[in-house]
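>>> Just need the structure, nothing else, for what follows:
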Amino acid sequence: MKEVKTDESLLGHAIDLLTVRYDANKDFNEYLDSEDPIALGTSAYPRSKVLFWVDPEGYEADKVAWESDSIEAKHEDAIKLLQDNACVPQFMDLLQAADRGRVVPFVGAGLSKPLGMPLWGEALGLLLTRLHGANVAAIRPLIDAGQYLLAAQRMAAHDAAVTSAFIRNTYRAQRLRLNAGPLQHLPRFARGCIVTTNFDDAIEKTYEEAIHHGKPMDFKAYMHGTQEHNFFSRMVRGDRCLLKLHGDAESDATHILTEQQYELAYGLPPGFDFQKPLPKALRQIYISQSLLFLGCGLEQDWTLDLFKAAKESDAYQVPNHYAIVEEPSSAVGRQQKEAQLLELNIQPVWYPNGQHVLVERLVDLVADVAEKRFVFKG
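Numbering: from 1, shown residues only. Next up, the predicted model:
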């Protein structure tokens, strides 16, 4: 009798495990069940359940074929975009770098926008309305022209306390809506260093929720502004680490906004001091990994100036870098921007003006190829 009960217990456990496996394929099951149910005697059963329990091998084979078709359909727009914009060669190079684990995302404000964070220009415009007595006539044109760094410096110089408090309250972690936009796909292929100009905790929260080989993907080291925690030793080892160039929203002491803070952090003027932690870290990443710029306008700024200084030193063989970037509205503008980026070994992958949703589709394509779920043939 005891043996019979043991067999029944094992059978019940096996059924529970199989039921969990079946329930995990919700989308595929719904696809099968879109057709009429299967009649057995006087009863009718969903097609997915009949196939799963009666012919499990057939169920798995059909699921693999369905997934392949679904993934190919999902990436149709992204592939067409790459072909139409003649960006297939540089995208193939990006995929190879991702396959080697050499890609370091450089994340700008555009990737936090789908999570509920304002773009840098939007945030600065709102801050300006709260700075009583600030020189609006001088600062507003800087924001409108996309010179956000200079505008932020002017506002921080006018009232550093209000500026820091605004950043801390605007880019709070609890405001984030995770699992949205391109950022959610980064843990699928970028498992080393990440660089960001953002103050918020979107990257940290996204990686903390991701699982790789059964373990959470939390960061092992970080640098917030000039404050670092095991960053260089971990970065050299290829561990997961985070470089937040402007600092972290929650800590005023890490913020780098004012002209004086920039001079102290980077050695400016007269030039970048590569003995200082921040320029040293950026140069090391630039000469040893392949950056992937996401959510960045990549207008001429201090970051590109730093990369230019590193490249022009002629002391390093600079690898190719990549940028999924909005295409300028004119052919002349595209040619000028492409030339500017190529001088820094940055290969642009263009998407049409205003169609930011395509950034996620391209990043998702990189992730699916990296995970061997899809073969990109160009």
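>>> What's the mean pLDDT across stretch 162-173?
Predicted confidence along stretch 162-173 averages 84 (mean pLDDT).
>>> residues in contact with stretch 104-118?
119-120, 126, 170-171, 175-178, 180-183, 186, 190, 192-198, 200, 202-203, 285, 289-297, 356, 359-360 (CB atoms under 8 Å, 6 or more residues apart in numbering). C-beta coordinates here come from the backbone N, C-alpha and C atoms, glycine included.
>>> Mind doing that once more with 7 Å?
Contacts of stretch 104-118 from elsewhere in the structure, counted by CB atoms under 7 Å, 6 or more residues apart in numbering, are 119-120, 170-171, 175-178, 180-183, 186, 190, 192-198, 200, 202-203, 285, 289-296, 356.
>>> Now the spatially closest residue to Ile256 that is not a sequence neighbour. Its backbone dihedrals?
Taking CB to CB, 6 or more residues apart in numbering, and ignoring the residues beside it in sequence, Ile256 has Gly225 as its nearest neighbour in space, at 4.8 Å. Phi and psi for Gly225, reported as degrees, to the nearest 10, are phi 60, psi -120.
>>> For Gln261, see how far away Gly225 is.
To Gln261, Gly225 is 8 Å away according to CB to CB, to the nearest Å.
>>> Counting neighbours, which bits of stretch 302-314 end up buried?
Within stretch 302-314, the residues scored as buried using 16 or more other CB atoms under 10 Å are Thr303, Leu304, Leu306, Phe307, Ala310, Lys311.
>>> sorry, back to before: who's more crowded, Gly225 and Gln261?
Of the pair Gly225 and Gln261, Gly225 is the one with more neighbours under other CB atoms under 10 Å, namely 21 against 18.
>>> In contact with the more buried one: list those residues for me.
Each residue near Gly225 by CB under 7 Å, 6+ apart is listed here: His246, Gly247, Thr254, His255, Ile256, Ala265.
>>> Over to Gln184?
Contacts were defined as CB under 7 Å, 6+ apart; by that measure Gln184 touches Thr206.
>>> So it lies in a helix, does it not?
Yes - Gln184 forms part of a helix when assessed by DSSP: H, G, I helix; E, B strand; the rest coil.
>>> For the stretch 1-150 of the chain, which segments count as strands?
Listed in chain order, the strands found in the stretch 1-150 of the chain under DSSP state E, counting those that start in this stretch are 38-40, 43-45, 103-107.
>>> wait, Tyr222 sits on His229?
Yes - if you go by CB atoms under 7 Å, Tyr222 and His229 touch, sitting 5.4 Å apart.
>>> neighbour count winner among these two?
Legend: neighbour count by other CB under 10 Å for Tyr222 and His229, higher for Tyr222 (19 against 13).
>>> What is the burial count for the closest residue to Leu128 other than its chain neighbours?
Counting by CB to CB, 6+ apart, the nearest residue to Leu128 once its immediate chain neighbours are dropped is Ile139, at 5.8 Å. Number of residues near Ile139 (other CB under 10 Å) recorded here: 23.
>>> The one 3 residues further on now?
Burial measure for Leu142: 19 neighbouring residues, criterion other CB under 10 Å.
>>> Could you verify my assumption that it touches Leu150?
Yes - Leu142 is within contact range of Leu150, at 5.2 Å (criterion: CB under 7 Å).
>>> Can you show me the helices along the stretch 251-378 of the chain?
259-266, 277-288, 302-312, 331-342, 357-370 (DSSP state H, counting those that start in this stretch).
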